[in-house]
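Visitor: Test case, fold it:
(chains A and B)
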Amino acid sequence: MKYFLSLFAGIAIGAAVFMVGLYYNPFQGQPAVSPLAVTDQRIIELSFSGVPADALLYTDHGESWVEPHPDRVAELWEPAVADTRLTVTMLEDARGKVAGLGIKFLTASEATNVINGEALADSIWHVYLPGQGTFMIDQTENYWTYIRDVVVPARWSSGDSWRGSFHGILTSGPGSLGTARVSGGSGLFANLSSEAVESVTARAYSAVTGPVSMTGSLAIALPQPTMASE
Amino acid sequence: MGALGTGALAWYVPAVDLHRERSLISVVPNGGNYEVFNIGLPGDRILVGLPNDDSTLPADLAWPGDEYLPGLQAEIFKLRDKNNAVVGVASRLASAGEPTGPFIEWIVHLPARGTLYVNMDITPDDEGLRAGAVRAGTNDFATLTGTMSERLVTDVGEESEGNKRIELKTFLVGQLGEEE
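Guide: From the prediction side, this is the model:
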């Protein structure tokens, strides 16, 4: 019995050491500067609230700590879509004025590998900007630093919350420089092929209800110099 | 041993294992394949946002309508395969009065397979069938090109009399040198 307990304790301590090493691994991180920061292309900046309650609509499988809304919205409980979250939100331009509508489908990625610091999700944005047109953004996002620096500290906190300042680039592909792919659909964006980067700035997070103060941002590169209102 | 075991577990056991419904794909004689998806109405609607209309869905949706999205018709649906199993979600955006030109387009998102972005023709044919071209695809669809059609179907039969559904039919082929 004594040896069994020693073995069990050794395994538990070893597992804990591994997890701590994983959490504090200084070699795992994501760039804080957008790959588009040095581009000579024109950039459209679109921002949106990262707080699900601020969105027009948010839904998932219905059992997460983030409450789907508005009331009676259909939940994505079927097995094939249970790992997908749907957000419909208004997008604002750099001046804080409403710029359009964004629909985001986000699905956990099977390429997720915690040893490599990759908490991955594949996401799709369907974007409409009135008077300009529509486009799709497809990207792989890495939430590792967000989880490590915001979500886990909130869960460890005695108050089940986190306050601070976090800014991170979420987009990690599929572009070779870690950029998202933009495919234009209609209007001024018809036949556009370009790149984008999504980032997040968080100031408060609750382990009970999810993000409390968080802003997302989409930076979209425009090759054509004739496009308006960036 | 604990550290090594946890490491091996984290390396070999997938953290995410998406559920896959069997793909019900039919091969066509000239190469390529087609697949049919259905959207039951009204049950599979997740969101309906219409200009100047109180019939938004969900009922409590604070849709900005003509104030910020003039003329836009936005819909989001659950998507079913031929066996009536939900396999994905889809968004449809349409506007007839857009200054830069009318548009109708779909994004079909099948979580375990990928996404299709399709630009539809504005005018349907005499039988109500509207065709469209695949603009872009991701993951399993990244190397495929093709078309998609949409039509509203009213089922006739003892059990499904009067049931309405949107039928989406994709025709996809691999690009030259690729296998679909």
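Visitor: Could you check how far the helix or strand A:L7 falls within is from the centre of its chain?
Guide: A:L7 is part of helix A:2-23, with elements assigned from DSSP states H and E. On the basis of Cα atoms, centre = their mean, to the nearest Å, helix A:2-23 sits 33 Å off its chain's mean C-alpha point.
Visitor: which helices and strands does that helix pack with?
Guide: Judged by 3 or more Cβ pairs under 8 Å, 6 or more residues apart in numbering or on different chains; DSSP states H and E, helix A:2-23 is in contact with helix B:2-12. All C-beta spots, glycine's among them, are computed from the backbone N, C-alpha and C.
Visitor: Average the pLDDT values over the helix it packs on and round to the nearest integer.
Guide: Mean pLDDT, computed over helix B:2-12, is 71.
Visitor: Which neighbouring elements make contact with that helix?
Guide: Counting contacts by 3+ Cβ pairs under 8 Å, 6+ apart, helix B:2-12 packs against helix A:2-23.
Visitor: most centrally placed residue in chain B?
Guide: Closest to where the C-alpha atoms of chain B average out (Cα atoms, centre = their mean) is B:V108, at 2.8 Å.
Visitor: Name the helix or strand for that residue, please.
Guide: Using DSSP H and E, B:V108 maps to strand B:103-110.
Visitor: Stretch B:79-93 spans what distance, first to last residue?
Guide: Its first and final residues considered, stretch B:79-93 spans 16 Å by Cα to Cα, to the nearest Å.
Visitor: which of the residues in that stretch are buried?
Guide: B:79-81, B:86-93 (16 or more other Cβ atoms under 10 Å in any protein chain shown).
Visitor: still on that earlier bit, mean confidence for whatever helix or strand comes next after the helix holding A:L7?
Guide: Toward the C-terminus, helix A:2-23 is succeeded by strand A:42-49 as the next helix or strand (DSSP H and E). Mean pLDDT, strand A:42-49: 94.
Visitor: In terms of secondary structure, what does strand A:42-49 contact?
Guide: Strand A:42-49 sits against strand A:84-92, strand A:98-108, strand A:210-222, with contacts defined as 3+ Cβ pairs under 8 Å, 6+ apart.
Visitor: Tell me the spacing between the closest residue to chain A within chain B and A:G21.
Guide: With Cβ to the nearest Cβ, the shortest gap between chain B and chain A falls at B:G2, namely 2.3 Å. According to Cβ to Cβ, to the nearest Å, B:G2 and A:G21 sit 12 Å apart.
Visitor: Which one of these two is surrounded by more residues?
Guide: Neighbour count, other Cβ atoms under 10 Å in any protein chain shown: between B:G2 and A:G21, B:G2 has more, with 19 against 12.
Visitor: Identify the residue nearest the more buried one in space, chain neighbours excluded?
Guide: Leaving aside its sequence neighbours, B:G2 sits nearest to A:G14 (Cβ to Cβ, 6 or more residues apart in numbering or on different chains; 2.3 Å).
Visitor: who are the neighbours in contact with residue 61?
Guide: You didn't say which chain, so I picked chain A. For A:H61, the contacting residues are A:75-77, A:81-83, by Cβ atoms under 8 Å, 6 or more residues apart in numbering or on different chains.
Visitor: oops, chain B please
Guide: Contacts for B:L61 (Cβ under 8 Å, 6+ apart) come out as A:56-57, A:70, B:47, B:49.
Visitor: how many neighbours does the nearest residue to A:S193 once chain neighbours are set aside have?
Guide: Distance criterion Cβ to Cβ, 6+ apart; nearest residue to A:S193, sequence neighbours excluded, is A:S183 at 6.3 Å. Using other Cβ under 10 Å, A:S183 is surrounded by 20 other residues.
Visitor: Wasn't A:S183 part of a strand?
Guide: Yes - when DSSP: H, G, I helix; E, B strand; the rest coil is applied, A:S183 is found to be in a strand.
Visitor: Please name the bridge partners of it.
Guide: Counting by DSSP bridges, A:S183 forms beta bridges with A:M136, A:S193.
Visitor: Equivalent analysis for A:I103, please.
Guide: Counting by DSSP bridges, the residues bridging with A:I103 are A:V88, A:H126.
Visitor: before we move on, what about B:T170?
Guide: Beta bridges link B:T170 to B:E35, B:M148 when assigned by DSSP bridges.
Visitor: How about B:G132?
Guide: Taking DSSP bridges as the rule, B:G132 bridges to B:M120, B:M148.
Visitor: Spit out the contact partners of it.
Guide: Contacts of B:G132 by Cβ under 8 Å, 6+ apart are B:104-106, B:118-121, B:147-150.
Visitor: that older thread, test my guess that the residue of chain B closest to chain A contacts A:A9.
Guide: No - here B:G2 does not reach A:A9: they are 9.1 Å apart, not a contact under Cβ atoms under 8 Å.
Visitor: May I see the buried residues of stretch B:79-93 arranged in a markdown table, with secondary structure and distance to chain A as well?
Guide: What follows is the buried residues of stretch B:79-93, written out as a markdown table (DSSP: H, G, I helix; E, B strand; the rest coil; distance: Cβ to the nearest Cβ, whole Å):
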| residue | secondary structure | distance to chain A |
| --- | --- | --- |
| B:L79 | strand | 9 |
| B:R80 | strand | 9 |
| B:D81 | coil | 9 |
| B:V86 | strand | 4 |
| B:V87 | strand | 5 |
| B:G88 | strand | 6 |
| B:V89 | strand | 6 |
| B:A90 | strand | 9 |
| B:S91 | strand | 5 |
| B:R92 | strand | 9 |
| B:L93 | strand | 5 |
